[in-house]
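Peer 1: A predicted structure for the sequence below; I have some questions about it.
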Amino acid sequence: MIVVLIPVAAALLLVTVALAPLSLLAGRYGRGWQPQRLALYVLVYLCADLVGVLAAGVVRLRCLGGGEDRAERLVTLNYRVLERLLSVLVACSKWIFSLRVEVDPPIPSIPPSADRAREGLVVFARHAGPGDSILLVHSLLCGAGLRPQVVLKQFLRWDPCLDIVLSRLPHCFVPHRADAGTSDAIRSLAAALHPGQALVLFPEGGNFTEGRRQRAIRWLNRTGQLRRAARARREHHVLPPRMAGSLAALDGAGDAGAAVVFVAHTGLDRIDSPARLWRSIPLPAAVRATWWSVPDDAIPAGRQARESWLTDQWSRVDTWVARERSRPTPAAPAGP
């Protein structure tokens, strides 16, 4: 499938290059070479996907032999493949879309020779805008020196590289209709965390859009969760967190003695439709992010207490996003 799509993407890029004079004309009216940028990124992504599949095949061949360390070697090499692929995609995003990322406080860089972390981490991240999950996993893997274990939607298995590489790493693919088995899988992942590992969840269950926010509020009202619905109406930048998987992760984190980290970001959240994606190229402002950690002994016990605590933490995410979005946005950089 990828081999078929790569020539299509290359042809699309050639067509957009041939139409460059029209882009130059449109550039006089505030446009930013959108067709060329999008076609080039699609081509880069498909090529990276193909290279990832081939690299995964090489890794499998290298780990065919026996030995006690075979399983660990397989995991280590697949993390290396993932790290290099994400580095390429992020570097190309910076060049093609003028992507800039500002994190405050900065992500700590831990030397590979030292313990990469004193404890495992459970990372609850806001999910808003295209590519935010790629930036988060890249930051954890390449910036913080952690091994991320991602909870992600089942339909992403249609990406062959993701399907192959992540299936060899600790992970959880969530089906369209999650059940108790999904929560058990998340709990088991969190409970097995070791130093240098991070379980990554997106409690909102999907990218933030205003339509999803309104549907979530209606669902909370229908199911009698009137307090949560009232709070969700006051919070305009986040979806109410889904409790089943989030509480399962907290249960497992308690067993592993893992800390919990919350990640908030803004800059990509306005891109919630193809039309807004088109108008946002190149990106007019940096993607700004923040994070804070909570040690395991500061997390309350009991389901109700944890629901209230998690809701309060998510309100903090909403407050931060509201404050950051009120800051003035600089003009987009000129040129392709």
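Peer 2: Perfect, thanks for sending it. Numbering: from 1, shown residues only.

Peer 1: L61 versus S293, what's the distance?
Peer 2: According to C-beta to C-beta, to the nearest Å, S293 and L61 sit 40 Å apart. Just so you know, the C-beta spots here come from the backbone N, C-alpha and C atoms, and that holds for glycine as well.

Peer 1: between those two, which has more neighbouring residues?
Peer 2: Taking neighbours as other C-beta atoms under 10 Å, S293 and L61 compare with S293 leading, 13 against 8.

Peer 1: surely that one is in a strand?
Peer 2: Yes. Secondary structure of S293 (DSSP: H, G, I helix; E, B strand; the rest coil): part of a strand.

Peer 1: element containing the residue nearest to it when sequence neighbours are not counted?
Peer 2: Nearest residue to S293, sequence neighbours excluded (C-beta to C-beta, 6 or more residues apart in numbering): V261, at 4.7 Å. Assigned by DSSP states H and E, V261 belongs to strand 259-266.

Peer 1: what sits up against that strand?
Peer 2: 119-126, 128, 132, 135-136, 198, 237, 250, 253, 287-296, 299, 313, 316-317, 320-321, 324-325 (C-beta atoms under 8 Å, 6 or more residues apart in numbering).

Peer 1: likewise for stretch 73-81?
Peer 2: Contacting residues not belonging to stretch 73-81 are listed as 52, 55-56, 59-60, 62-63, 141, 147, 165, 168-169 [C-beta under 8 Å, 6+ apart].

Peer 1: ok, now with 6 Å
Peer 2: Applying C-beta atoms under 6 Å, 6 or more residues apart in numbering, the set of residues contacting stretch 73-81 from outside is 55, 59, 63, 147, 165, 168-169.

Peer 1: contacting residues around R37?
Peer 2: Counting by C-beta under 6 Å, 6+ apart, R37 has contacts 96, 281.

Peer 1: ends of stretch 143-160, what's the gap?
Peer 2: Distance between the boundary residues of stretch 143-160 (C-alpha to C-alpha, to the nearest Å) amounts to 25 Å.

Peer 1: is V42 in a helix, a strand, or coil?
Peer 2: Looking at V42 with three-state DSSP, the answer is helix.

Peer 1: quick one, helices of this structure?
Peer 2: Counting by DSSP state H, the chain has helices at residues 2-18, 20-27, 34-62, 70-97, 132-138, 160-167, 180-191, 210-222, 226-234, 243-256, 274-279, 303-325.

Peer 1: Throw those into TSV and include distance to T266 and mean pLDDT, thanks.
Peer 2: Formatted as TSV, the helices of the chain follow (distance: least, C-beta to C-beta, whole Å; pLDDT from 0 to 100):
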stretch	distance to T266	mean pLDDT
helix 2-18	30	60
helix 20-27	27	52
helix 34-62	22	89
helix 70-97	16	93
helix 132-138	10	94
helix 160-167	26	91
helix 180-191	26	90
helix 210-222	15	94
helix 226-234	18	93
helix 243-256	21	91
helix 274-279	14	87
helix 303-325	5	94
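
Peer 1: mind putting the ones you listed in a markdown table, distance to P203 included?
Peer 2: As requested, the helices of the chain are exported to a markdown table (distance: least, C-beta to C-beta, whole Å):
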| stretch | distance to P203 |
| --- | --- |
| helix 2-18 | 32 |
| helix 20-27 | 40 |
| helix 34-62 | 27 |
| helix 70-97 | 22 |
| helix 132-138 | 13 |
| helix 160-167 | 20 |
| helix 180-191 | 11 |
| helix 210-222 | 12 |
| helix 226-234 | 13 |
| helix 243-256 | 5 |
| helix 274-279 | 24 |
| helix 303-325 | 7 |
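
Peer 1: understood, closing this out.
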